[in-house]
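**Q** got a predicted structure here, sequence first:
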Amino acid sequence: MSEDLPILACRDMSCQISARPKALDVLQNIDFTVARHTALGIVGESGAGKSMLVKSIMGIAPASVRVNGQIMLDGQDLFAMKPRDRARFIGRKVGIVFQNPMTSLNPYVPVGRQIAEACRQHFDVPRDEARQRAIELLRTVGIADPEDCYDYYPHHFSGGMKQRIMIAASLICHPDLLIADEATTALDVTVQKEVLDLLQTIQEQRQMSMILVSHNLGVVAGRTDEILVLYGGHVVEYGPTSEVFRNPRHRYTEALLSAMPHMDQPTHTRLRTIAGQPPSLANKPAGCPFAPRCGAAEGPCHTTMPDMRTGTDSRHRFACHFPLEQTVGPAVVSGATDRGARAQ
Ligand SMILES: Nc1ncnc2c1ncn2[C@@H]1O[C@H](COP(=O)(O)OP(=O)(O)OP(=O)(O)O)[C@@H](O)[C@H]1O
Ligand code: SF4
Ligand SMILES: [Mg+2]
């Protein structure tokens, strides 16, 4: 497959949950790509649709959810495939790490065997070779004494270690794309940083692409090339991470950035919050989904969904009737947010 082709391209994708009296729109008009060997951050508050987006890509959305649009994975149209072929193809191309390792790991099966079995499921390799591959991966993710740990059960490991084991399991099929959906949210801050650093190192070393999903902008700062901001099931801003951090144009992104703690704030500075609640699925606003919480909302904001526009950098897009002015310097956050300079 050509190196120029993005590993993932979602075009006009939408997700609807069947419900009475009418279906509920969880995601609408989702458009984005993930280039090879790059990392995309997907951020947004709880309920924005982040996990539904990931599950729809993976083909594991609940049966009540209808996914429309186009999803191209490594140049292949997923919806043009038979369900069985699609599941096998996705399983080989994409690895995923979820928030809670306890719901992903079987408590009654030794961790090494769980990793090795995933390998045998997708590749016809002998048991000994699968075991060896699993041990190597346990070593890669920083598990000491991987030969012994192969036979340990999940309860023998701490939360951070379990998440490392899940990362090892997600890598067993040599995926081209690794998706981490709030993979570190349940961990304490120090362990969170270790696991995030591990994810980034592995992504760079293995030349994979990665999608880092988080409600926390600090997690994606410095670890991603591009960022996609989801609000109420819509992409409201999308572009190079450093550009979006330096020059947010959508007012929701600005509010999210203003709610982040900064190193240069005096101690005891009260953190800003975003007043109000995200829209409920059953009661979405007619116009901009952020209108009920936006201080700049005017007439059209309440009636018309804003179109996506492009900033001075054509890769930077945002959907706002009255976008923030383009600035030249650090606008909302100070401090580096480029890849390699991490906020957390
Ligand atoms: N199986 C389901 N049935 C009905 N509604 C669902 C289902 N799964 C998710 N939803 C709804 O879809 C919306 C998006 O949920 P999703 O889990 O994708 O949010 P999220 O952005 O991942 O939030 P969080 O940060 O809390 O994980 C929410 O309003 C949620 O209540
Ligand atoms: S479209 Fe209107 S309501 Fe929505 S973010 Fe922009 S100014 Fe605020
Ligand atoms: Mg989620």
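**A** Good, I have the coordinates. Ligands and ions are numbered 1, 2, ... in the order given.
**Q** for Thr224, which non-adjacent residue is closest in space?
**A** Gly41 (3.8 Å; CB to CB, 6 or more residues apart in numbering). Where you see a C-beta, it was placed from the backbone N, CA and C, and this is true even at glycine.
**Q** list the contacts of the residue lying closest to Ser258 once chain neighbours are set aside.
**A** Nearest residue to Ser258, sequence neighbours excluded (CB to CB, 6+ apart): Arg272, at 4.8 Å. For Arg272, the contact set (CB atoms under 8 Å, 6 or more residues apart in numbering) comprises 255, 258-259.
**Q** Arg272 in helix, strand or coil?
**A** coil (DSSP: H, G, I helix; E, B strand; the rest coil).
**Q** looking at the contacts of Arg272, which is nearest ligand 2?
**A** Proximity of those to ligand 2 (CB to the nearest ligand atom) peaks at Ala255, which lies at 9.0 Å.
**Q** returning to that earlier point: distance check, the residue nearest to Thr224 against Asp25.
**A** To Asp25, Gly41 is 23 Å away according to CB to CB, to the nearest Å.
**Q** report pLDDT for the residue nearest to Ser258.
**A** At Arg272, the model reports a pLDDT of 74.
**Q** just to revisit the earlier point, doesn't the residue nearest to Thr224 lie inside a strand?
**A** Yes: Gly41: assigned to a strand according to three-state DSSP.
**Q** pull the residues that contact the helix or strand harbouring Leu212.
**A** If you go by DSSP states H and E, Leu212 is part of strand 209-214. Outside strand 209-214, the residues that touch it by CB under 8 Å, 6+ apart are 7-8, 34-43, 50-51, 54, 176-182, 184-185, 196, 199-200, 203, 219-220, 223-224.
**Q** okay, buried residues for the helix or strand of the chain with the lowest mean pLDDT please.
**A** Within the chain, confidence by mean pLDDT, DSSP states H and E is lowest for helix 101-104 among all helices and strands, at a mean of 78. Under the neighbour-count criterion of 16 or more other CB atoms under 10 Å, helix 101-104 has 101, 104 buried.
**Q** let the chain start at 471 from now.
**A** Okay, using 471 as the starting number, the last item reads as helix 571-574.
**Q** the strand holding Leu682 pairs with which strands, parallel or anti?
**A** Here strand 679-684 is paired, per DSSP bridges, with strand 509-513 (parallel), strand 647-651 (parallel).
**Q** that older thread, just the buried subset of the contacts of Arg742, please.
**A** The neighbour count (16+ other CB under 10 Å) marks Ala725 as buried among the contacts of Arg742.
**Q** export the contacts of Arg742 to TSV and tack on pLDDT?
**A** Shown next, in TSV, are those (pLDDT from 0 to 100):
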residue	pLDDT
Ala725	94
Ser728	89
Ala729	84
